[in-house]
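Asks: Just to be clear, the model below is a prediction. Sequence and coordinates:
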Amino acid sequence: MTLKMKNNKYLNWLISAGCVLALAACSANDPISDLSLEETQVYMTDRDKTVNFKDYKTFSVVDSVLIYGNQGTGTALTEVDVMLLNRIVQNMEKHGYQYVAASQKPDVGINVAQVNNSYVNVVSQPVGSYWGSYWGGWGMGYPSYYSYYTVNESYWMLEMLDFKNANVVDKELNVVWRSQIRGEGINDKTLVQGMVDKIFDQSEYLNIK
């Protein structure tokens, strides 16, 4: 499987900015702050290339969003979640699939999750060797300085599961398509529909019309 990655202005901006800095030696306090929320977003899509999506006709979508990460797991159905789920249905129908209830044995099912992780990182900032030797000569170990910072990670993840060709013996389902939406503003109500549209536009192979 190959990974197809698309971003809007974000990475192009970084490349251009690097060239400008190298040539003009310009500086800015925080140039990334000039980007809009949409410009920071990155869309990643992946598929099983052995699959012909025209073999599928019907689909279903989960009725709530799975929340998981190192801060715990659960489910949610916020206003943003509802908007995102409905937009998935609209895009699937636009691409030629028929929505059915999960009880009607759809050909594929779509899982939706929001992954939330939080990490604490430590950076060591040791003093120079001269000062280490100086204080060590007096029998006093001179410790390194440490700084701590927290990284919070949150992104959307979608997966399309093949129910039509389920492995009933091992009870396994093949993931035939997956996508991630990363960046700032992923829970912004004004952006959520556009985000879903972009991952489907990027996955043109899903069109079965």
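Replies: Structure's in. What do you need?
Asks: where along the chain do the strands fall?
Replies: 3-7, 42-47, 58-61, 65-68, 74-76, 98-99, 108-125, 145-167, 172-182 (DSSP state E).
Asks: Tabulate those strands (JSON lines), appending distance to D188.
Replies: Every C-beta, even on glycine, is put in place using the N, C-alpha and C of the backbone. Below are the strands of the chain laid out as JSON lines (distance: least, C-beta to C-beta, whole Å):
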{"stretch": "strand 3-7", "distance to D188": "17"}
{"stretch": "strand 42-47", "distance to D188": "15"}
{"stretch": "strand 58-61", "distance to D188": "21"}
{"stretch": "strand 65-68", "distance to D188": "16"}
{"stretch": "strand 74-76", "distance to D188": "16"}
{"stretch": "strand 98-99", "distance to D188": "26"}
{"stretch": "strand 108-125", "distance to D188": "13"}
{"stretch": "strand 145-167", "distance to D188": "12"}
{"stretch": "strand 172-182", "distance to D188": "12"}
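Asks: Return the residues in contact with N207.
Replies: Under the criterion of C-beta atoms under 8 Å, 6 or more residues apart in numbering, the contact list for N207 reads 53, 95-96.
Asks: same check, this time on N111
Replies: N111 sits next to 62, 66, 158-159, 161 when contact means C-beta under 8 Å, 6+ apart.
Asks: thought T58 was touching G96?
Replies: No - using C-beta atoms under 8 Å, T58 is not in contact with G96, being 10.8 Å away.
Asks: So these two - more neighbours on which side?
Replies: T58 (18 against 14; other C-beta atoms under 10 Å).
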